[in-house]
Every structure is written in C-alpha cells, then in structure tokens.
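Engineer: Next input, structure requested:
(chains A and B)
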There are 2 protein chains.
Amino acid sequence: MERKKIAIVGVGLIGGSLALQLNEKGIAAGLVGVEASESHAKRALELGLVDAILPLDEAIAASEAIILAVPVDQMTGMLRGILDKVTNQVVFDAGSTKEQLVELIRDHPKRGRFVATHPMWGTEYSGPQAAVKQAFENKAVVICNAKDSDADAIEWVKKLYEKIGMRLLEMEASAHDLHAAYVSHISHITSFALANTVLEKEREDRAIFEMASAGFESTVRLAKSNPSMWVPIFRQNRDNVLDVLNEHISQLRKFKSCLEKENYEYLQELIENANKIRRIIK
Amino acid sequence: MERKKIAIVGVGLIGGSLALQLNEKGIAAGLVGVEASESHAKRALELGLVDAILPLDEAIAASEAIILAVPVDQMTGMLRGILDKVTNQVVFDAGSTKEQLVELIRDHPKRGRFVATHPMWGTEYSGPQAAVKQAFENKAVVICNAKDSDADAIEWVKKLYEKIGMRLLEMEASAHDLHAAYVSHISHITSFALANTVLEKEREDRAIFEMASAGFESTVRLAKSNPSMWVPIFRQNRDNVLDVLNEHISQLRKFKSCLEKENYEYLQELIENANKIRRIIK
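Structural biologist: Numbers count the residues shown, from 1 in each chain, chains lettered A, B, ... in the order given. Here you go, the predicted model:
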C-alpha cells in the first residue's frame, strides 16, 4: 500500500497503539502527533510513538493522512474545522460513536475525504504510556457509511486496517451505534455499576477485597476506564444505551424474581440460556 | 507436611485441579476419586488425575483425608453421611457457600474432623477436562469457623493450602457467604444477565457478535458457567445474593437516571467513583 505522511490527533491509548502498528508495519512515511496534554505529548515523544508533536494546523498541512483518536466529544468538536483545512488528505477517526459525527459533516464539501471507522479494540487504561504493541490484531473494525467517502480514501483506510490485522465490517452509522451499545457500551456500564456496588459495601468492611477472585476482576476491570472517554460516548449514544440498559435491568429483575419466589427451575433456564453465549465467545 | 492417602469426591474442575496440585506438590500418598458421572470418571483416569475411582464408602475407608468438590447441593446432601462413616480422617470441602453446610453438622459427633474451606479460584468451565495446573496459586482460601475443627485437622488443611500457594483467610461462615455474594456470586449474575440481554437482541440481528470485543468477552465470560454448580449456590446464599442484587440494580438505576435526565456531571461522578476499584484490582 502507498505509504503516507501521517498525523495522529490524540496520542493516547488508541492513537499511541496505532502509531506503534503504523511504524512496525511500515505504513507511515512519517508520523507526527497533535496532543493537547503537555505531559502526554512529552511521554509520546519519549516512547518514540511519533517523530514530533505539532500544532493541529501545521500537522494537517504537513500530512497526507490524519487520524483522529480523541474522545468523541472532541471529535465532533474538531472534525468540521479539520475538513475546512483539508486539501486532498485522507482523514479518518477511531471513535466509539458514529451517528452524530457523520451527521455533522453530511454536507461538508470535503465529506469525501473522511472515513468513519471504529477499530473494536481498547483497554481500561489511557494515555500514551498505555499504548501496546500488536493492538488491534484479529479484532473487528467497523467502517460506516462508506458510500459517502471518496473511493481512494476508503481503499487506503481499508488497506491500513488490513495491514494491522483487522477484520473489516461495513455498516451504517446508526447500526454501528446500536450494536456498539450492545457489545461494548453496556459492558462498561455494568462494570462501573458493579464496582460501585462493591465499593459501597467496602466502606463498612475492608476485608471484602482480600477475597476478590479472577471472576470478579474480569467483570469489573472495565470499571477502571476513563470518564473523559466514556461520558461523551454515553452522551452521544444516549438513546441506544438507555434501551440496552433498560433491557439489562429487566433481565436482572428476572434473576431477582427467581430468587424472591424461589423458582429455581426458571433460574436454571435463565442460566442455560445465558450459556448459549458459548456459541459466540469461545 | 504429613503425606496422606487422599480421596477427592467430585473430580471436576475444582477436584481435578486440586488433584494436579496434590500430585505435583507431593502432598498425596495416594489419590483416589469418587465420581458419579461415568464419563467424568473415565476422563479423570485417562488424564491421570487420580489413581483409581472408588465407590464413596470404599474411598472413605481407604483414605486419611477426604476432599469434597461437588456442587453445594450435593455437598449438603452427603456431608452428614460421610461424617457418620469417618473415624479419624480429615474431611474438608471446597464449596462456594458455607453457612448452611456448617449449620447442618453443628452437633455432629465428628464435627471436629471437618474443615469448611473455600479456595477462591475457578473458571467458567467444568468437568475433569477443565482441570488446570498451577490453579489456586496466589489466590485466597477462606477457612470458616476454624474453632469448630480439631487442631490437627485445621493444621493439616492449612499446610495443604499453603503448599499449593494460597493465602489463608479466616472468618465466620456467615461473613464468608456475605462477602462471596459481593466478590463472586453477583459477578456471575451480572454476566448471565448481560449474556441474556445481548442474546435477546441477537435473535433479530446476528451481525452483532462480529463486533464483540475483548471488553465484552471479559464481562460476559462467566456466563458460560455451569447451572448445576450455580443454581445451588444462589439457592444456598439466596438472602445475601438478593441484597447485593438489589443494591446492584439500584446502582444501575443511577446510570439510567443520569442518561434520562442528561445529568452528565453526575454520570462523571459515578464513573470517577467506580474508578476507585483501581486501588483494589491492579
């Protein structure tokens, strides 16, 4: 694939991990970062994630491709301004919500230069020091509303994701946001709520965590995730997240009802049904 | 520590994984299994987990220590009968609930031979083929109501758990069951309910799971757990699990209310509070 001079806006967990892959796979003819946080900028340079940190305008002017890896509220805040300054660069984002973003630039004269993507990878950590090698490999990346992007932009972005080992999925932005609510956003809410449930108890009884096991850690680890990233996601995907959260609460109420009524046959059925998840995650 | 001839009743995930450790650490002078499932018995022998499979009575007579690693309903079903046949053997269990079990044998003449324990380790898989090496290492084991056990029995069981790398905690059975509801049982319910939430949606739209990411897998993996093990746990620990489940639903309702009212400042606070779990799980 054609190597390009690339700018990554937001050199944190996602931007930093992408930088590592772009360097390793020889995709970047040069890699600069744009980073609002001074400490993150310093750290990104120390870690060799990018060659230089530049102001946004300079980075746009100096690049052939621009990757946006900032929290989704900043993404919607800056995308139109970036497209205003774009000549023929490819611009794509790596955010967790899509519908508001594509709506915002629907009639922008440079709409075709933008590709809306969501690489389905992340961890509960943030910042450039959280960047990991071989991230994204064997995970899915969703490309939304591909028909609104120029053919050369879509092709280049697809090749980039394939080269870093991702499986391509295409769908409308609205379908993406609904699905993301089910397979990612709700998991974070349950994890945050579970952490709060147990932390509430811990105020009375500190001994409780000495017993915490791997199962607990697994269900609660997402609760370490950064609110600066997640509040904007929940805000932009509010309607879908509320629908899934209501469904989840009603599923929990079934378990509650089984216990209250001592209906262990139905409890067995609920668990057997949940076991069908084995079909999907090995 | 003194090597003993050991019988493991229930050679599944827990019994099988204990067998591997007892063999590796040279704790057993001989290891027989008792296993109601013919296929599990066959598999346990093929895997070399135990030297022989014996009927329960023969296994008791032939052993100096008896480990109970069956679902907790079978545990309460068989413990008195086992103690009736015990002369001077050490008997201990590895079950996830404790209060009903110790209550059941409170006045048994052989109560002192029994040690109530819960090694805090498991996976979402079951059966002898799920047994893994180095299980239990660096995890906590809870020993309940130690004062009701004979000194030699407690000492030997403690040494066994220390030798397989576990951290010893002691508490009353009632405290154990309450804490286990918080750090283990509720995680399973949230995971089962999350699986059911998403599976319900999948009936309309199969594409959803192509997007499933590591975060989703982490929160939902416990949903693969066996109902034969978990229904009896929820049944025996019903009151505590209901309390924690009610608290968890009310924590989820706070997230719901934030989204409904678009109160993103409070949503931020809820997530910041959940982040405190970083203190506890690294």
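Engineer: From here on, just use CA atoms for contacts and neighbour counts.
Structural biologist: Will do.
Engineer: host element of the residue nearest the centre of chain A?
Structural biologist: Geometric centre of chain A, nearest residue: A:S96, 4.2 Å, by C-alpha atoms, centre = their mean. Under DSSP states H and E, no helix or strand contains A:S96.
Engineer: any idea how far A:A7 is from it?
Structural biologist: According to C-alpha to C-alpha, to the nearest Å, A:S96 stands 20 Å off from A:A7.
Engineer: correct me, but the residue nearest to the centre of chain A touches A:V72?
Structural biologist: Yes: in this structure, A:S96 is within contact of A:V72 by C-alpha atoms under 8 Å, at 7.1 Å.
Engineer: Now do the shared contacts for those two.
Structural biologist: A:I233 (C-alpha atoms under 8 Å, 6 or more residues apart in numbering or on different chains).
Engineer: Quick one: residues contacting A:F209.
Structural biologist: A:F209 neighbours (C-alpha under 8 Å, 6+ apart): A:202, B:183, B:280.
Engineer: redo that, cut-off 7 Å
Structural biologist: Shown in contact with A:F209 (C-alpha atoms under 7 Å, 6 or more residues apart in numbering or on different chains): B:I280.
Engineer: Which neighbouring elements make contact with the host helix or strand of A:I66?
Structural biologist: Counting by DSSP H and E, the element that carries A:I66 is strand A:65-68. Helices and strands touching strand A:65-68, by 3 or more C-alpha pairs under 7 Å, 6 or more residues apart in numbering or on different chains; DSSP states H and E, are strand A:4-9, strand A:90-93.
Engineer: Validate this expectation: A:G33 resides in a helix.
Structural biologist: No: read with DSSP: H, G, I helix; E, B strand; the rest coil, A:G33 is strand and lies in no helix.
Engineer: which residues does it bridge with?
Structural biologist: A:I8, A:I53 (DSSP bridges).
Engineer: Using the three-state scheme, assign A:L49.
Structural biologist: Secondary structure of A:L49, per three-state DSSP, is coil.
Engineer: Against A:A146, how distant is it?
Structural biologist: Taken as C-alpha to C-alpha, the span from A:L49 to A:A146 is 29 Å.
Engineer: Equivalent analysis for A:D57, please.
Structural biologist: 26 Å.
Engineer: Looking only at neighbour counts, state which of these two leads.
Structural biologist: Using other C-alpha atoms under 10 Å in any protein chain shown as the criterion, A:D57 and A:A146 rank with A:A146 on top: 20 against 13.
Engineer: Quick one: residues contacting the more buried one.
Structural biologist: A:115, A:154.
Engineer: State the distance from it to A:I14.
Structural biologist: On the measure of C-alpha to C-alpha, A:A146 and A:I14 end up 22 Å apart.
Engineer: do A:M171 as well
Structural biologist: A:M171 is 22 Å from A:I14, by C-alpha to C-alpha.
Engineer: Now the terminal residues of stretch A:170-189, how far apart.
Structural biologist: Using C-alpha to C-alpha, the distance between the terminal residues of stretch A:170-189 is 26 Å.
Engineer: Other residues contacting that stretch?
Structural biologist: So stretch A:170-189 is contacted by A:97-99, A:142-145, A:222-223, A:237, A:240-241, A:244-245, B:198, B:208, B:211-212, B:215-216, B:219 (C-alpha under 7 Å, 6+ apart).
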